[in-house]
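Chemist: Return a 3D structure for these sequence lines:
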Amino acid sequence: MKAKTQLLLNNKEKTVPILSFPSTQLLGISVNELISSAEMQAKGMKAIADRCDIGASLNMMDLSVEAEAFGAKIRFYDEEIPTVEKGIIDDIEDAANIVVPEVGTGRTALYIEGVRKAKEIVTDLPVFCGVIGPYSLAGRLFDMTELMMSCYDSPDEVKTLLEKATAFITEYLKAFKEAGADGVILAEPAAGLLSPDLAEEFSMPYVKAIFDAVQSEDFIVCYHNCGNAAIDMVDEMVSLGADIYHLGNAIDLGKAIEGFPKDMVVMGNVDPVLFRTGTPEDIRKATLAVFEGCASYENFMISSGCDIPAAAKWENIDAYFETVKEYYAQG
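Modeler: Sure, this is the predicted structure:
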């Protein structure tokens, strides 16, 4: 296990939820303002690091950035994370005509600069960047339902699209690494909708190619899959060789973690929606329930199951950190 990963595991009370967009409330700005400014992103990361007892600082988990760089139409909101409104192809046959954009296109340069600036002011924590996974990006460039059908009908064309998505993500990640990022959370939620066989053919090899290109002793790779089929593809996930696996609340994490070697950290999986819709007591109960199912595993770390919404209540976020602190204080 890498030294940086072991350090995270040795300090489990310093939990690492996927927490970035609620920084808008701390800064008094909109989501749109946050995603439009590298300085604001860095300040948001610093604000969360100052308020919360975290083990790592995460930049924005905005899964529209890479698709926008390819030319997809993005819908922006003041209080919600951006979404892809329309992809760039209507037929999988058109994948051959897609041109892989240069890193720096669209908002990618801004997000890279946000990490660079964060490293200057968040000096006591590892800083992680966030990118989308290749299959999830392909679905945003085409259409998620059509992409899944094309895996059966036009597999070669799907693989062409995946190769182009992989090429861009790899270079994007290299730029983050050059900017000083200590690791990455690669989010591949759409793969959680696939069968294990389809995931093994159309997602895992491309994720592994990305990890192989950037993984190093000083750079942690974390694989995030919040799909409900993730429980059935543990063996495929293990084959990626990631340092950390971050899994969503759609699955029984206690059951899933049994299939991971002890030198691979597994994180999750408090329902992220509860941070917005629930109460501090709801958060406390949900957090303790995850502990009850998973804490006996040495390679487990508590986290949110996915990205905590921008509109999450800070009283709930605070309750999560308080519950984690109290749990570990009891020994």
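Chemist: From here on, just use CA atoms for contacts and neighbour counts.
Modeler: Fine.
Chemist: For stretch 224-233, buried residues please.
Modeler: By neighbour count on 16 or more other C-alpha atoms under 10 Å, the buried set for stretch 224-233 is His224, Asn225, Cys226, Gly227, Asn228, Ala229, Ala230, Ile231, Met233.
Chemist: now the residues you listed as JSON lines including secondary structure?
Modeler: Shown next, in JSON lines, are the buried residues of stretch 224-233 (DSSP: H, G, I helix; E, B strand; the rest coil):
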{"residue": "His224", "secondary structure": "strand"}
{"residue": "Asn225", "secondary structure": "strand"}
{"residue": "Cys226", "secondary structure": "coil"}
{"residue": "Gly227", "secondary structure": "coil"}
{"residue": "Asn228", "secondary structure": "helix"}
{"residue": "Ala229", "secondary structure": "helix"}
{"residue": "Ala230", "secondary structure": "helix"}
{"residue": "Ile231", "secondary structure": "helix"}
{"residue": "Met233", "secondary structure": "coil"}
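Chemist: With respect to Leu253, which of the residues you listed is nearest?
Modeler: Leu253 has its nearest neighbour among those in Ile231, at 8.0 Å by C-alpha to C-alpha.
Chemist: how near is that closest one to Ile112?
Modeler: 33 Å (C-alpha to C-alpha, to the nearest Å).
Chemist: cool, and Asp263?
Modeler: Computed with C-alpha to C-alpha, the distance linking Asp263 and Ile112 is 30 Å.
Chemist: Have a look at those two and say which one is more surrounded.
Modeler: Ile112 (25 against 14; other C-alpha atoms under 10 Å).
Chemist: gap between the more buried one and Ala187?
Modeler: Between Ile112 and Ala187 the distance is 17 Å, computed by C-alpha to C-alpha.
Chemist: what comes into contact with the helix of greatest length in the chain?
Modeler: Ranked by residue count, the top helix of the chain under DSSP state H comes out as helix 155-178. Contacting residues not belonging to helix 155-178 are listed as 66, 92-93, 95-96, 98-103, 108, 112, 115, 129, 131-135, 137-138, 147, 150-151, 183-184, 202, 206-207, 209-210, 213-214, 219 [C-alpha atoms under 8 Å, 6 or more residues apart in numbering].
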